[in-house]
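1. here are the coordinates; sequence isn't available:
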Ligand SMILES: NC(=O)C1=CN([C@@H]2O[C@H](COP(=O)(O)OP(=O)(O)OC[C@H]3O[C@@H](n4cnc5c(N)ncnc54)[C@H](OP(=O)(O)O)[C@@H]3O)[C@@H](O)[C@H]2O)C=CC1
Ligand SMILES: C[C@H](O)[C@@H]1OC(=O)[C@H](O)[C@@H]1O
């Protein structure tokens with residue numbers, strides 16, 4: 001299997017894309033630690049699936065916006081699983097809101113969770129990998145929104161561009177340690193993050209119509225690309241951005 005015996009850490013592993021990546025990694029032989037914020041039931045479901053795959057699984061609750069969460073997640077996972085081989089920074093929020101009356105606290109929270117949270121988490125995971133001295137793979141979940149805008153996402157799209165940029169700079173900073181850093185850029189994937197937004201039938205139809213493959217994404221669509229970047233199949237891939245969007249980005253007309 002592609003990730004036999006590897007230790008894979010995933011932030012935001014209680015739902016959606018992070019949950020699918022965590023379960024997909026376990027099905028490729030990895031032991032898995034997830035971070036999550038509030039959804040105990042979702043975290044338990046992830047762990048059930050990880051254990052059903054025959055792998056070890058642990059969950060560590062905490063807010064990624066707090067730098068202490070990153071230290072605690074990495075040290076607890078290291079003790080339980082014997083190290084960190086793959087780190088997936090995925091946790092994120094997207095509270096849709098118009099630009100002109102955007103509340104300051106919504107902007108600040110979105111930046112704290114999506115950008116600073118990713119920074120602290122990636123840094124903690126990288127420090128552990130460097131100490132181990134056996135290289136590793138870091139994957140950050142950015143977005144198609146790193147490349148294009150959104151009327152109700154003026155606070156969100158800059159964080160996703162920032163996450164893409166973080167992977168480019170850490171690829172340089174960590175290459176000498178044989179740590180690869182890459183960004184995944186999902187298109188529109190049906191999860192809790194956009195349930196309200198996509199409940200508008202017109203918006204949903206529009207997003208589907210923009211997608212050459214003819215459907216919105218499912219969280220499981222991200223598992224294969226993440227496993228590829230995590231595995232030795234991608235051993236010479238670093239600083240890359242992998243769009244996983246059914247072709248939405250290139251579809252002008
Ligand atoms: N869905 C989409 O169309 C796209 C999503 N993305 C990105 O993918 C990532 C995952 O999103 P998605 O799976 O859709 O969303 P979900 O809402 O389904 O899942 C979000 C996950 O992040 C966790 N999380 C949220 N805030 C925090 C926090 N402060 N601390 C720790 N964990 C937190 C949630 O934990 P809990 O529920 O326990 O609070 C949950 O596990 C995000 O970074 C998002 O920006 C990118 C492009 C498209
Ligand atoms: C939450 C959005 O539906 C989703 O998130 C993103 O990053 C993209 O903008 C997607 O459409």
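-> Cool, the structure landed. Remember, predicted model here, so these are calculated numbers, not experimental data. Ligands and ions are numbered 1, 2, ... in the order given.
2. can you pull out the strands in the stretch 1-150 of the chain?
-> Along the stretch 1-150 of the chain, the stretches classed as strands by DSSP state E, counting those that start in this stretch are 7-10, 31-36, 57-61, 86-89, 136-141.
3. neighbouring strands for the first one, and are they parallel or not?
-> Right, strand 7-10. Partner strands and pairing direction for strand 7-10 (DSSP bridges) are strand 31-36 (parallel), strand 86-89 (parallel).
4. what does the stretch 101-250 of the chain have sitting close to ligand 2?
-> Contact residues (C-beta under 6 Å from any ligand atom) of the stretch 101-250 of the chain with ligand 2: 143, 144, 145, 150, 153, 160, 188, 193, 194, 197. To be clear about C-beta, it is placed using only N, CA and C from the backbone, and glycine gets the same treatment.
5. These: which two are farthest apart?
-> Maximum pairwise distance among those (C-beta to C-beta): 15.7 Å, between 160 and 197.
6. Could you verify my assumption that residue 4 touches residue 27?
-> No. Counting by C-beta atoms under 8 Å, residue 4 sits too far from residue 27 to count as a contact (11.4 Å).
7. Among these two, which residue is more densely surrounded?
-> More crowded of residue 4 and residue 27, by other C-beta atoms under 10 Å: residue 27, with 19 against 9.
8. could you list every residue that touches the more buried one?
-> Residues in contact with residue 27 (C-beta atoms under 8 Å, 6 or more residues apart in numbering) are 1, 53.
9. how about a cut-off of 6 Å?
-> residue 53 (C-beta atoms under 6 Å, 6 or more residues apart in numbering).
10. Kindly report the residues of the stretch 151-253 of the chain close to ligand 1.
-> Residues of the stretch 151-253 of the chain lying close to ligand 1 (C-beta under 6 Å from any ligand atom) are 186, 188, 189, 191, 192, 193, 194.
11. now the one helix or strand residue 227 maps to, how far from the chain's geometric center?
-> Residue 227 belongs to helix 223-230 when assigned by DSSP states H and E. Put simply, helix 223-230 sits 11 Å off its chain's centre (C-alpha atoms, centre = their mean, to the nearest Å).
12. in it, what's buried?
-> 223, 225, 226, 227, 228, 229, 230 (16 or more other C-beta atoms under 10 Å).
13. Return the residues in contact with the residue nearest in space to the middle of the chain.
-> Compute the mean C-alpha point of the chain, and by C-alpha atoms, centre = their mean the closest residue is residue 90, 2.2 Å away. Each residue near residue 90 by C-beta under 6 Å, 6+ apart is listed here: 10, 11, 12, 17, 18, 141.
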